[in-house]
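Participant: based on what follows, work out the 3D shape:
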Amino acid sequence: MTLSSDSNITSMLDRAAARAGDRPALIFGNRTISFGDLQTGVARCAYQLRRCGLRAGERVILMIPMSPDLYITLLGLIRSGAVAVFVDPWISLRQIAAFAAFAEPSGFIGTPASHLLRLFNPRLAHLALTVSTGPTWFRLPARFELDSLLRGTSTLDPEPVSTETPALITFTSGSSGTPKGANRTHGFLAAQYSALQTELEVRADDVDMPMFPVFALRNLAAGVTSVIPDMDFRRPSAIDPRRIAAQIRGSSVTLLTASPPFIDRLAAYGAPISLRAIRTGGAPVSHVQLRQWQRAFPHTHIDILYGSTEAEPVSCISLQERLATPESGGYCCGKPTGLLRTRTIQIRPSPIAADELAALTCRDGEIGELIVSGSHVCRSYYNNPEAVRENKIVSPDGTFWHRMGDTGYLDSEGRFFLTGRVHTTIRRNGKLLHAQLVEAEALRRLPKARRVAALERNGKLVLVVQGPPVGNAAQILDSDEVVFTRKALPVDPRHNAKIDYARVRALLDYGAL
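Facilitator: From the prediction side, this is the model:
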């Protein structure tokens with residue numbers, strides 16, 4: 001493989017800094033860092049990490065919330081040729097311990113609080129390279145302070161790498177099981193950047209407020225200013241809209257990239273907020289939500305993105321086009337990007353062999369599982385061959401396919417309609433039912449319900465309804481059992497938007513709803 005400094009993804013930041021070094025790169029509270037200063041900080045960080053003994057190819061766990069420190073250390077690691085293992089703030093302590101066990105890290109960079117967790121983990125307590133974003137005393141809770149390292153003036157050029165060299169490991173949401181570590185290579189990150197630039201218009205003078213770290217990375221490569229939202233990233237559904245609105249006005253934000261609950265809170269705020277565009281994704285969005293957003297942001301262009309950790313973006317659809325499609329047939333996600341190949345295959349929870357693919361391919365309009373192939377599709381999971389076997393297919397012609405885990409169909413116009421997840425597909429009386437279709441119909445018939453979860457239990461269709469009880473509900477909803485609850489149904493920790501079916505099932509089993 002050809003090794004080149006230009007293949008190192010951080011060379012994009014170098015070029016952005018050369019074009020507009022004085023332009024703000026990151027705005028975080030009262031702190032603003034320019035592209036020039038960020039590039040210098042990244043190059044210094046890379047040099048210091050190398051001086052502290054870090055070698056190219058080694059893995060370092062990174063536990064820092066969205067901030068300038070996150071991007072200085074993340075890009076510093078990647079610039080040095082190391083692999084950043086990014087741990088989201090919403091991941092549980094149990095999962096952190098599991099990830100630490102298989103990542104086999106050489107170092108740990110994090111906040112002081114995260115180092116307290118590290119010190120109680122036998123696999124992480126005695127790592128040679130530990131860096132804290134806060135103060136240290138006698139090498140506790142870490143050997144090095146980030147601020148002290150960055151006072152050095154020596155810098156490091158991007159380590160020569162190939163497009164297949166690993167750069168970053170991030171974890172899937174775990175909505176269908178245990179989160180998996182997606183292995184993002186330098187080539188994958190470059191392709192993802194290109195895809196986002198192709199699918200989503202970004203102007204040179206835009207100021208973006210990205211809730212998702214990947215979009216801030218895109219902005220840093222493109223020379224676009226990012227304003228980091230003042231929020232608890234573990235609870236996007238609980239943002240303070242007054243603070244966010246003040247940030248938007250104070251920094252002249254033109255773009256907002258956030259999860260649906262974030263947009264819901266901002267839309268309900270009531271005070272006028274001027275934005276050029278809003279981009280949202282991570283969970284299905286209903287017509288009710290879209291109409292509320294339309295009323296709150298009448299002059300803002302709104303796009304709904306569809307994708308996953310392993311393939312982002314897959315498709316994009318405007319609010320107007322979504323509202324023009326009926327919800328009874330699933331959530332329309334729009335046409336998949338021309339940068340990907342897509343097809344749907346028959347729903348099968350088990351691994352799929354290459355020679356089975358042709359026979360399993362669905363016709364247009366037939367509901368199946370979506371699979372995608374392209375340069376911005378992640379091909380592997382770190383140290384997890386079983387996950388690769390379950391989620392990847394290599395066709396006889398060598399095409400590498402990723403199983404999205406989502407069920408739906410492609411219509412005659414090539415648009416993908418989302419109907420559920422493979423793991424939420426319900427088998428009842430010899431027929432397949434799709435959770436999102438069932439839930440959407442239940443919400444239509446029960447207008448006072450806030451949320452509905454459709455589950456299969458012992459071959460029966462069970463609906464768990466968050467809302468006031470309704471008599472004769474099983475007959476109204478054509479289900480075997482209906483459970484009403486006043487409690488909020490549990491949702492995913494990353495976006496606070498998708499139903500956590502495993503937790504709903506556990507609460508149901510324990511009679512805790």
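Participant: quick one: Leu432 from Ala497, how far?
Facilitator: 25 Å (C-beta to C-beta, to the nearest Å). C-betas here are computed from N, CA, C, even on glycine.
Participant: so between the two, which is more surrounded?
Facilitator: Legend: neighbour count by other C-beta atoms under 10 Å for Leu432 and Ala497, higher for Ala497 (21 against 14).
Participant: need phi/psi at that one.
Facilitator: phi -140, psi -40 (degrees, to the nearest 10).
Participant: against Arg265, how distant is it?
Facilitator: From Ala497 to Arg265 the distance is 12 Å (C-beta to C-beta).
Participant: same question, Leu127
Facilitator: 39 Å.
Participant: could you do Val207 as well?
Facilitator: 20 Å.
Participant: ends of stretch 199-207, what's the gap?
Facilitator: One end of stretch 199-207 sits 18 Å from the other (C-alpha to C-alpha, to the nearest Å).
Participant: report the central residue of this protein.
Facilitator: Thr309 (5.3 Å; C-alpha atoms, centre = their mean).
Participant: who's in contact with the closest residue to it other than its chain neighbours?
Facilitator: Counting by C-beta to C-beta, 6 or more residues apart in numbering, Thr309 lies nearest to Thr172, which is 4.5 Å off, once chain neighbours are set aside. Applying C-beta atoms under 8 Å, 6 or more residues apart in numbering, one finds that Thr172 lies in contact with 179-180, 182, 308-310.
Participant: now, which of these sits nearest Glu164?
Facilitator: Minimum distance to Glu164 across these is 14.8 Å, recorded for Ala182 (C-beta to C-beta).
Participant: any idea what Leu26 is bridged to?
Facilitator: Ile33, Ser226 (DSSP bridges).
Participant: surely it touches Phe35?
Facilitator: No - counting by C-beta atoms under 8 Å, Leu26 does not reach Phe35; the two are 9.1 Å apart.
Participant: okay, and the common contacts of the two?
Facilitator: In contact with both Leu26 and Phe35: Leu220, using C-beta under 8 Å, 6+ apart.
Participant: any idea how far stretch 60-71 is from the chain center?
Facilitator: Put simply, stretch 60-71 sits 16 Å off its chain's centre (C-alpha atoms, centre = their mean, to the nearest Å).
Participant: hang on, I meant stretch 50-58
Facilitator: 28 Å.
Participant: what lies in contact with it?
Facilitator: Residues contacting stretch 50-58 (C-beta under 8 Å, 6+ apart): 60, 77, 80-83, 105-107, 128-129, 144, 149, 154, 156, 159, 161, 165-166.
Participant: so in this protein, which strand runs the longest?
Facilitator: Longest strand in the chain by number of residues (criterion: DSSP state E): strand 400-410.
Participant: still on that earlier bit, between Ala497 and Arg265, which contacts overlap?
Facilitator: Ser237.
Participant: for this structure, name the helix or strand with the lowest mean pLDDT.
Facilitator: Using mean pLDDT, DSSP states H and E, the weakest-scoring helix or strand in the chain turns out to be helix 93-103, at a mean of 69.
Participant: for the record, mean pLDDT for the helix or strand following it?
Facilitator: Next helix or strand after helix 93-103 toward the C-terminus (DSSP states H and E): strand 107-110. For strand 107-110, mean pLDDT is 95.
Participant: what packs against strand 107-110?
Facilitator: Judged by 3 or more C-beta pairs under 8 Å, 6 or more residues apart in numbering; DSSP states H and E, strand 107-110 is in contact with strand 59-63, helix 112-119, strand 129-132.
Participant: pull the CA atoms of that strand into PDB?
Facilitator: Extracted C-alpha coordinates of strand 107-110, given in PDB (Å, rounded to 0.1, in the frame of the first residue of the first chain):
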ATOM      1  CA  GLY A 107      -3.100   5.100  26.400                       C
ATOM      2  CA  PHE A 108      -6.000   7.000  27.800                       C
ATOM      3  CA  ILE A 109      -6.900  10.700  27.400                       C
ATOM      4  CA  GLY A 110      -9.800  12.200  29.200                       C
END
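Participant: can you tell me the strand partners of it and which way each runs?
Facilitator: strand 59-63 (parallel), strand 129-132 (parallel).
Participant: which is the next helix or strand following the last one?
Facilitator: Towards the C-terminus, the helix or strand next in line after strand 129-132, according to DSSP H and E, is strand 144-145.
Participant: and that next one, which strands flank it?
Facilitator: For strand 144-145, pairing defined by DSSP bridges yields strand 129-132 (parallel).
Participant: so in this protein, which helix runs the longest?
Facilitator: In the chain, assigned by DSSP state H, the helix with the most residues is helix 35-51.
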